[in-house]
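[1] 3D, please:
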Amino acid sequence: MPQTGGFPDDGSAEGSAPQDAAGGVNATYGPWLRKSADACTVVTPSVLAAQIDQLTGWSNDSATTSGTQGIAAFTDAGWKTWGKDDDGNGRSSPTDPADAIMALGRQDCSLAREVTGLRTDGTVNGDLVDLTLAAYAVGTDAVTTAGAVPATAKTYLTEVKALFGKYEAFDREDPPAGGVLADAILSAPVTTLTVTSPYGSRQHPLTGVTKLHTGVDFGAPQGAQVSSARAGTVVFAAMTTAYGNRVVVDHGTIEGKRLQTTYSHLSAIEVAAGQTVQTGTPLGRVGSTGLSTGPHLHFEVIYDGYYADPVPWLASSG
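    Numbers count the residues shown, from 1 in each chain. All right, here's what the predicted structure looks like:
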C-alpha cells in the first residue's frame, strides 16, 4: 500500500525484532517521528519524542485517571480533532503509536503556524520551538496575552527541553548502518544541477529555524521541466503547506530497502498518484510554491525511510 508522503510504515520485517533507537525507544517509531516532524519546519523528531517522554514516558496504557490515552496522552476531544488512521490498519486510535505520533505532530505543527504568525506580526517574541511548546502546554491565548512564553508554561518547557539531547539521534537522518550503495543510479531531475542550498543542517531562510535541510535545492528558471530521476510509481502528487506542490515517486527496493525521491515547490504538477513513470518522465515545472524564497527544485532521496544526501545518487555528480 503506498504511503502518502513517501515514508515506510512502522512494521518491522517479518521474522525480525525491532531494535532500540534513540533514548531506548522502539526503532520502528523512528520513521513515524520523522514523517510527523516533516509536516512543518519548526518541529523536529527529537522535540516530538521529548514531549512523549515527558507526557507518558512512552507508556501506552489504555487509559489514565486523567482521561488521556496512549503514548501522546490524548483526550477524547483532542483525538477527535487530531487523530487519523495514519498507518492504514483500519482503525484510528490514540493507543496506536503510529497514529498517536502523527496526531501529535499535526497538533504541534498547527500550533507552530499560529505562533509563527504571532511572532511575524510582532504580537509575541521568542524562540519558535519554545513558543510552540508553551502553546501546547497552556494554549495559544495564554502565549498571546503574555507576549512570550508564559510563566505557567516554563516548568513544562524546562522538562521537555531537558530531554532533547536524549533523542537527538532521531534528527540525524542518515542511512542506517551498513551504508548505502548510491552508485549514481539517478538521472538529473532538472537540466542543470546548480546547487543553491546543499543537504545538511542549515537555518531556514524564512522561519529562522536551524534544522536538517532534508534534500538539495537546485536553482532553475520558473517553469523549467522537472523529470523523474528513475522509473517508478507516483505515490503522492498534491499541494502541501511547507513544500508547496510536491511529487513523491516510489522506485521500489534496492538491496531490500525502499528508494523514493521527492520533488517540491513546483509551479505545476503533471502527474497523478498511482501513475507509472519512467526515467525522464515529466513530473511538473519548477516553481516557488510553499515556503520558498524563489524558483528552485527541492529534491530529496529517501532510502529505507531515512533522508540521504541526494548528490552521490545523481549520475551527473560524477
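
[2] quick one, strands of the stretch 1-150 of the chain?
    Here the stretch 1-150 of the chain has no strands by DSSP state E, counting those that start in this stretch.

[3] residue ranges with poor pLDDT in it?
    Scanning the stretch 1-150 of the chain for pLDDT under 70 picks out 1-24, 27, 62-66.

[4] now do the helices in it.
    Using DSSP state H, counting those that start in this stretch, the helices of the stretch 1-150 of the chain run over 30-37, 45-56, 76-82, 97-120, 128-138, 140-146.

[5] spatially central residue in this structure, please.
    By C-alpha atoms, centre = their mean, the mean C-alpha position of the chain lies nearest to D38, the distance being 1.4 Å.

[6] quick revisit: want to throw the helices of the stretch 1-150 of the chain into JSON lines with mean neighbour count and distance to Y167?
    The way it works is simple: take the backbone N, C-alpha and C, and place the C-beta from them, glycine included. Putting these into JSON lines (neighbours: other C-beta atoms under 10 Å; distance: least, C-beta to C-beta, whole Å) gives the following:
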{"stretch": "helix 30-37", "mean neighbour count": "26", "distance to Y167": "8"}
{"stretch": "helix 45-56", "mean neighbour count": "24", "distance to Y167": "4"}
{"stretch": "helix 76-82", "mean neighbour count": "14", "distance to Y167": "21"}
{"stretch": "helix 97-120", "mean neighbour count": "22", "distance to Y167": "12"}
{"stretch": "helix 128-138", "mean neighbour count": "23", "distance to Y167": "14"}
{"stretch": "helix 140-146", "mean neighbour count": "17", "distance to Y167": "24"}
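
[7] quick one: the residue nearest to the centre of the chain and T240 touch, right?
    No: with contacts counted by C-beta atoms under 8 Å, D38 stays clear of T240, the gap being 9.5 Å.

[8] how about the strands in the stretch 201-318 of the chain?
    Using DSSP E, counting those that start in this stretch, strands in the stretch 201-318 of the chain cover 210-213, 216-219, 225-227, 232-240, 244-254, 257-266, 268-269, 276-277, 282-285, 296-303, 306-308.

[9] mind putting those in TSV, mean pLDDT, mean neighbour count and distance to E159 included?
    Written out in TSV, the entries for the strands of the stretch 201-318 of the chain read as follows (pLDDT from 0 to 100; neighbours: other C-beta atoms under 10 Å; distance: least, C-beta to C-beta, whole Å):
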stretch	mean pLDDT	mean neighbour count	distance to E159
strand 210-213	64	17	22
strand 216-219	95	21	36
strand 225-227	98	21	44
strand 232-240	91	18	32
strand 244-254	92	20	35
strand 257-266	92	24	35
strand 268-269	97	18	43
strand 276-277	97	16	47
strand 282-285	98	20	44
strand 296-303	91	25	33
strand 306-308	75	21	29
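
[10] TSV for the ones you listed, including distance to T44?
    Shown next, in TSV, are the strands of the stretch 201-318 of the chain (distance: least, C-beta to C-beta, whole Å):
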stretch	distance to T44
strand 210-213	6
strand 216-219	20
strand 225-227	28
strand 232-240	18
strand 244-254	20
strand 257-266	18
strand 268-269	28
strand 276-277	32
strand 282-285	28
strand 296-303	16
strand 306-308	13
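
[11] who wins for proximity to D85 among the ones you listed?
    strand 232-240 (17.1 Å; C-beta to C-beta).

[12] related to what we said a few turns ago, nearest to S288, of the helices of the stretch 1-150 of the chain?
    That would be helix 97-120 among those, by C-beta to C-beta, at 18.8 Å.

[13] now L157: how far from N89?
    Counting by C-beta to C-beta, to the nearest Å, the gap from L157 to N89 is 34 Å.

[14] tell me the mean pLDDT for stretch 189-202?
    Per-residue pLDDT over stretch 189-202 has a mean of 86.

[15] centre of the chain to that stretch, how far?
    19 Å (C-alpha atoms, centre = their mean, to the nearest Å).

[16] in that stretch, what's buried?
    Residues 189-190, 193, 197, 199 are the ones in stretch 189-202 that count as buried (16 or more other C-beta atoms under 10 Å).

[17] ditto for stretch 308-317
    For stretch 308-317, by 16+ other C-beta under 10 Å, it's 308-314.
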